[in-house]
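Undergrad: got a predicted structure here, sequence first:
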Amino acid sequence: MSHYILKATPNTVHLGGFSPDLEPALIIDSGDTIDVETYTGFYVYDQAPPEFLTPEFVEICQSLPTERKVGPGPHLLTGPIYLRDAKPGDVLEVKLEQISPRLPMGFNAIRPGWGALPDQFTESKLRFIPLDLAKSEAEFPFAQRCGCNIASGIRIPLQPFFGILGVATSEINRSSVPPGNYGGNLDNRYLQAGSRIFLPIYLPGGLFSIGDGHSAQGDGEVNVTAIETSMNGRIQLNLRRDLKLTAPLGETPTHWMTMGFGETLDQAFAQALEQAIALLVDWFGFKAEDAYILCSLAVNFHITQVVNRPHKGVHSMLPKSILPKPLI
């Protein structure tokens, strides 16, 4: 196994989406680990304070090649990473070993026409939020007056994670905004360091990309953004031919998570439930009726996000403590 450092540069990031035509930023073998850099805020860097900017980030924003701009989304993603011998039908296991903000500043933005209440909050708003990395917290900023944020005394614990973990499909220039069975913009705040996510592979090499760092987010991500943060991570990519999946599967130290996506929360919930039942049937030998009942008694379903059009997200939380044996 080898270890790599993948810096974020104009040649190793891409903007706005996923594409099978992108040149890989890195080619690795199964089991290799990577220290990966990600940046966020491509479209707001010219309004950002110095703490949000690095020379490398400014270079990306000012000189990203046209061929690395592959979709209409706002996200900068590092990758794609090509995994040798990965084939369609295989499963990619992503171990999230370390995740930490790379800068002491994040931002939150309201975008007109987006969010859970687009007709009530119609004005564009942008707030940069200092991060106290030593205390691992941020103070919530009240609305500005006289050009300054007003201290609130409200402390938000930092719980960093990557909002986007996804693989490419045959779709050209697929937007980075909606999540799907390929992963993508999951915005699942439980995928913190120490977690794993398993993704179906659609193309040779998998073409995995990562980004959209969040320092803190509530379930739902209701105003369309979290504390958006440039993020560092250490990940390990493993090829799992012993598994078969049609949708992402997540694992935390305490739970298994199935995920559902749909244009309505009802559709997303139904898919997350169906995936939870399938997990219990296929991997634990449950009868479907028993799995359905167990989901009603012991599985919690959370709204992941409601803002990544056109797909809302729901995920299940199946406690490992109730299961008779380890899964994988």
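TA: Looks like it came in fine. Residues are numbered from 1 along each chain as shown.

Undergrad: C-alpha only now, for contacts and for neighbours.
TA: Fine.

Undergrad: what about the helix or strand harbouring residue 313, distance to the chain center?
TA: Using DSSP states H and E, residue 313 sits in strand 312-319. The chain centroid and the centroid of strand 312-319 are separated by 14 Å under Cα atoms, centre = their mean, to the nearest Å.

Undergrad: report the backbone C-alpha coordinates of it in PDB.
TA: Extracted C-alpha coordinates of strand 312-319, given in PDB (Å, rounded to 0.1, in the frame of the first residue of the first chain):
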ATOM      1  CA  LYS A 312     -34.100  15.600  -1.100                       C
ATOM      2  CA  GLY A 313     -32.400  13.100   1.100                       C
ATOM      3  CA  VAL A 314     -33.400  10.800   4.000                       C
ATOM      4  CA  HIS A 315     -31.100   8.400   5.800                       C
ATOM      5  CA  SER A 316     -31.800   5.500   8.200                       C
ATOM      6  CA  MET A 317     -29.800   4.900  11.400                       C
ATOM      7  CA  LEU A 318     -29.600   1.200  12.300                       C
ATOM      8  CA  PRO A 319     -27.800   0.700  15.700                       C
END
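
Undergrad: list the contacts for residue 34?
TA: The contact partners of residue 34, taken as Cα atoms under 8 Å, 6 or more residues apart in numbering, are 3-6, 234-236.

Undergrad: got a winner among the residues you listed for most neighbours?
TA: residue 235 (23 neighbours; other Cα atoms under 10 Å).

Undergrad: pretty sure that residue is touching residue 81, no?
TA: No. Using Cα atoms under 8 Å, residue 235 is not in contact with residue 81, being 11.5 Å away.

Undergrad: and of the contacts of residue 34, the nearest to residue 172?
TA: residue 6 (24.3 Å; Cα to Cα).

Undergrad: please report phi then psi for that closest one.
TA: Backbone torsions of residue 6, given as degrees, to the nearest 10, read phi -110, psi 100.

Undergrad: in three-state terms, label residue 169 for me.
TA: coil (DSSP: H, G, I helix; E, B strand; the rest coil).

Undergrad: start the count at 25 instead of 1 going forward.
TA: With the count now opening at 25, the last piece we talked about shows up as residue 193.

Undergrad: separation between it and residue 285?
TA: Here the distance between residue 193 and residue 285 works out to 17 Å (Cα to Cα, to the nearest Å).

Undergrad: these two: which is more packed in?
TA: Per other Cα under 10 Å, whichever of residue 193 and residue 285 has more neighbours is residue 285, with 27 against 19.

Undergrad: packing partners of the helix or strand harbouring that one?
TA: Using DSSP H and E, residue 285 maps to strand 279-286. Here strand 279-286 touches strand 273-275, helix 289-308, strand 336-343, going by 3 or more Cα pairs under 8 Å, 6 or more residues apart in numbering; DSSP states H and E.

Undergrad: pretty sure residue 337 sits against residue 328.
TA: Yes. Counting by Cα under 8 Å, residue 337 does reach residue 328; the two are 5.0 Å apart.

Undergrad: would you mind finding the most buried of the helices and strands packed on strand 279-286?
TA: strand 336-343 (a mean of 25; mean count of other Cα atoms under 10 Å).

Undergrad: coming back round to it: now the helices and strands packed on strand 279-286 in CSV, with mean pLDDT and distance to residue 65?
TA: Compiled in CSV, those are given as follows (pLDDT from 0 to 100; distance: least, Cα to Cα, whole Å):
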stretch, mean pLDDT, distance to residue 65
strand 273-275, 98, 27
helix 289-308, 96, 28
strand 336-343, 98, 23
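
Undergrad: quick one, which of those is nearest to residue 91?
TA: Nearest to residue 91, of the helices and strands packed on strand 279-286 and by Cα to Cα, is strand 336-343 at 29.3 Å.

Undergrad: which residues touch the closest one?
TA: So strand 336-343 is contacted by 203, 210, 278-289, 292-293, 296-297, 300, 322-330 (Cα under 8 Å, 6+ apart).

Undergrad: low-scoring stretches of the protein, by residue?
TA: For the chain, applying pLDDT under 70 flags the ranges 168-174, 351.

Undergrad: between the strand holding residue 337 and strand 279-286, how many degrees?
TA: 160 degrees (axes from the mean of the first three to the mean of the last three Cα atoms, to 10 degrees).

Undergrad: partner strands of strand 336-343 and their direction?
TA: strand 279-286 (antiparallel), strand 324-329 (antiparallel) (DSSP bridges).

Undergrad: mind putting the ones you listed into CSV with distance to residue 272?
TA: Shown next, in CSV, are the strands paired with strand 336-343 (distance: least, Cα to Cα, whole Å):
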stretch, distance to residue 272
strand 279-286, 6
strand 324-329, 13
